[in-house]
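J.: below are the sequence and a predicted model for it; my questions follow.
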Amino acid sequence: MRADDVRFLFAFDRWATARILAVLDGIDEATWSAADVVDERGLGGILVHHLGASQRWRHGLLRDDVISRPEREPLPTIEDLRARWVGEWAAVDAWLQPLDDAAVNEELEGVAVWKMLVHVVNHGTQHRTEAAAILTGVGHSPGDLDLIDFAEAQAAGDTTAS
């Protein structure tokens, strides 16, 4: 796989996650803080887990010994979660920007790095889907989140899909 392909997938991941975060305004506290909707998580817990998993994979691949566990902290507010994602996206940009094809094709513990990175994006898709179902059920649908929608928006020059 090429490094540019990985960057494309992470741009999609950001775009789709931002669409989820954009429709959170007006979500009532009971919906945000529920703890038993999907695998003992509610909307807020799902989105915090998505963030934490993304952070753990990044730190693990950087091999910097940082372990992020926001799931073990009190549930953040919607605004705090958005701010944490902005910080994570900046860290991801700094990490992914210099990656080259050799780095994404390197093997760690017998698995190519690109496969791990595709897993991170796919894992995000799972949790965005869970969140989107909850949001749609309470009248806050994020709309289409498919990769092809992102690719078409990018091709059409939509700057929010970059």
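T.: Perfect, thanks for sending it.
J.: distance check, A103 against W95.
T.: 10 Å (C-beta to C-beta, to the nearest Å). Any C-beta I mention is one placed from the backbone N, CA and C, and that applies to glycine too.
J.: from start to finish, how long is stretch 60-74 in a straight line?
T.: Terminal residues of stretch 60-74 are spaced 23 Å apart (C-alpha to C-alpha, to the nearest Å).
J.: can you tell me what sits against it?
T.: 45, 48-49, 51-52, 55-56, 59, 76, 84, 95, 108, 113, 116-117 (C-beta atoms under 8 Å, 6 or more residues apart in numbering).
J.: kindly recompute the last result at 6 Å.
T.: By C-beta atoms under 6 Å, 6 or more residues apart in numbering, the residues outside stretch 60-74 that reach it are 48-49, 51-52, 55-56, 59.
J.: from these, which land in strands?
T.: Nothing among the contacts of stretch 60-74 maps onto strands, per DSSP state E.
J.: nearest to A22 among the residues you listed?
T.: Using C-beta to C-beta, L51 comes nearest to A22 of those, at 15.6 Å.
J.: now the closest one: how far from E152?
T.: As judged by C-beta to C-beta, L51 and E152 stand 27 Å apart.
J.: neighbour count: these two, which is higher?
T.: Neighbour totals were compared for L51 and E152, and L51 leads with 22 against 13 (other C-beta atoms under 10 Å).
J.: identify the residues contacting that one.
T.: L51 sits next to 70, 84 when contact means C-beta under 6 Å, 6+ apart.
J.: give me the distance between it and D144.
T.: 22 Å.
J.: quick one: least confident helix or strand in this structure?
T.: Least confident helix or strand of the chain, by mean pLDDT, DSSP states H and E, is helix 29-33 with a mean of 92.
J.: quick one: residues contacting R84.
T.: L51.
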